[in-house]
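Pasting the sequence and the predicted coordinates here, then a few questions.
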Amino acid sequence: MKTNKLSYRFGQYSMFAGPAFALFLAVVILPFLYGLYLTFTSWDGVSVEKPFVGLGNYATALADRAYWDSLGRTVIYSVITVVLVNVVAFALAYAVTQGLKAQNLFRAGFFIPNLIGGIVLGYVWKFVFNRAFVSMAVALSHSGSSSSLLSTPNGAMFCLILVSVWQYAGYMMLIYVAGFMSVDQSLKEASLIDGCNARQAMWHVIVPLMRASFVQCIFLSTTRCFMVYDINLSLTKGEPFNSSVLAAMHVYNQAFVYKNYGTGQAEALVLFLVCAVIGIAQVFIGKRGEVEA
């Protein structure tokens, strides 16, 4: 049998990639296309009939002030969280690649928070903010009462950012660790011999060579932050006064709580497009800089 025949190639593809492609088609592509169709209907998520409304759901989404407020909060949350996650992850990766004793144990310890589900993580930290920190504040101030950070709008957003950084930093740390280990140490030693100090060697030699790690980490942390829902649900539930409702939670509430499935699906598509544009632009700019470096 000739290996260059189309039938042979199709058979090989079907044997090895066919099952994965079928699952991807059933789990991702078809639901996405069906959801796209639902954006043109006024389906409530329950009834059999799906009245066609054309672009009405998109008009409703564009006029939904609460949705754009939640998207604005998501942008602010994502910008702050992405910066902090990558700064903390880079610092941790640098610390655990300097030959410290039990550095593998530290790597595992920093990575563990990423293994905990967002729902469980949110409830654990909710107890910490509402009980542990409040009790400590009362004991230190010697007063009879103290409020939780989750009881104020700014405090709730701060808690969301803090928990997200605590969860995501360990995962991004592993990517930066791989980046540090891929840098040839002879280049750093050569820069030190040529008169650079440790800070200059880090900034002008190591960091440019780790640009691929920065691109990956920023992309992953950005997409995670824009799509975050589980921590938002378990930690704040959008309170107080819906001041911490992020875009994914608003989309869920629109579709499944308020039974406006078509509008919720349209808002989800808008969120997907915003996230895709930001992610692709970030990767394009990062890759272009990587080639220049």
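Great, that's in hand.

With adjacent residues omitted, what lies nearest to the most centrally placed residue in the chain?
Closest residue to the average C-alpha location of the chain: Arg224 at 1.2 Å, with C-alpha atoms, centre = their mean. Nearest non-adjacent residue to Arg224, counting by C-beta to C-beta, 6 or more residues apart in numbering: Tyr168, 6.3 Å away. Where C-beta positions appear, they are placed from N, C-alpha and C, glycine not excepted.

For stretch 113-120, give me every contacting residue.
The contact list for stretch 113-120 (C-beta atoms under 8 Å, 6 or more residues apart in numbering) reads 121, 124, 166-171, 228-231, 233-234.

Which one of those sits in the busiest neighbourhood?
Taking other C-beta atoms under 10 Å as the neighbour criterion, Ala169 ranks highest of these with 27 neighbours.

same for the helix or strand harbouring that one, what does it pack against?
Assigned by DSSP states H and E, Ala169 belongs to helix 153-182. The elements that helix 153-182 packs onto, with contact taken as 3 or more C-beta pairs under 8 Å, 6 or more residues apart in numbering; DSSP states H and E, are helix 65-95, helix 103-115, helix 118-127, helix 211-226, helix 230-231.

Throw these into CSV and include mean pLDDT, thanks.
Formatted as CSV, the helices and strands packed on helix 153-182 follow (pLDDT from 0 to 100):
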stretch, mean pLDDT
helix 65-95, 95
helix 103-115, 89
helix 118-127, 91
helix 211-226, 92
helix 230-231, 92
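
Dump those into TSV; add distance to Asn242 as well.
As requested, those are exported to TSV (distance: least, C-beta to C-beta, whole Å):
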stretch	distance to Asn242
helix 65-95	7
helix 103-115	28
helix 118-127	17
helix 211-226	19
helix 230-231	16
